[in-house]
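Participant: Let's see this in three dimensions:
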Amino acid sequence: MIFKTVSYFDIEEVKAAKEKVLKYRDSDFLLDSENTFNFILKDNREIVGEADYKISVDEADLLYIYIDDPYRKKGYGIELLEKSLLFLFERGIKNVYLEVNENNLPALSLYKKAGFIKVGKREQYYGKENAYIMKKAIKEE
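Facilitator: Okay, the predicted model is just below:
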């Protein structure tokens, strides 16, 4: 698998993959600022998954991460998450935050495996469903 940051040359492929997997187009923010990092994991033919972060000084928010259905439950989610966290660590990011639906058990399992802990809860964040706020300290202060 190839791990890389998204470049201008990847945008159309990323948009198509995102639309296929997530069922909507939400790629307008790609490369929109120096405060956004977009990562992809690819095999030789196609995008396997993507993780997008928004950076603010020494913290990052994981906006989302996904793995395409045929590649799920093969370890690619943790690979993409860990490689993207290492990239952020190397750039001085100290803490990473995310929100996750409290009923999304596969995602919760992935985040716990990667060392995220629950630090809060947002009531009705996803319509009638709640979200956990999770945090991972990736660099000592």
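Participant: Quick one: residues contacting residue 37.
Facilitator: Residues in contact with residue 37 (Cβ atoms under 8 Å, 6 or more residues apart in numbering) are 5, 52-53, 55, 60, 84, 87-88. For glycine as for every other residue, the C-beta is placed from the backbone atoms N, C-alpha and C.
Participant: same thing with residue 138?
Facilitator: 85, 88-89, 93-96.
Participant: Just the contacts of residue 37: which are in helices?
Facilitator: 84, 87-88 (DSSP state H).
Participant: re earlier: export the contacts of residue 37 to CSV and tack on distance to residue 102?
Facilitator: Putting the contacts of residue 37 into CSV (distance: Cβ to Cβ, whole Å) gives the following:
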residue, distance to residue 102
5, 31
52, 22
53, 22
55, 26
60, 22
84, 23
87, 28
88, 25
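Participant: Next, format these as JSON lines and append neighbour count and pLDDT.
Facilitator: Formatted as JSON lines, the contacts of residue 37 follow (neighbours: other Cβ atoms under 10 Å; pLDDT from 0 to 100):
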{"residue": "5", "neighbour count": "12", "pLDDT": "80"}
{"residue": "52", "neighbour count": "23", "pLDDT": "92"}
{"residue": "53", "neighbour count": "24", "pLDDT": "94"}
{"residue": "55", "neighbour count": "18", "pLDDT": "92"}
{"residue": "60", "neighbour count": "25", "pLDDT": "96"}
{"residue": "84", "neighbour count": "25", "pLDDT": "95"}
{"residue": "87", "neighbour count": "17", "pLDDT": "93"}
{"residue": "88", "neighbour count": "24", "pLDDT": "94"}
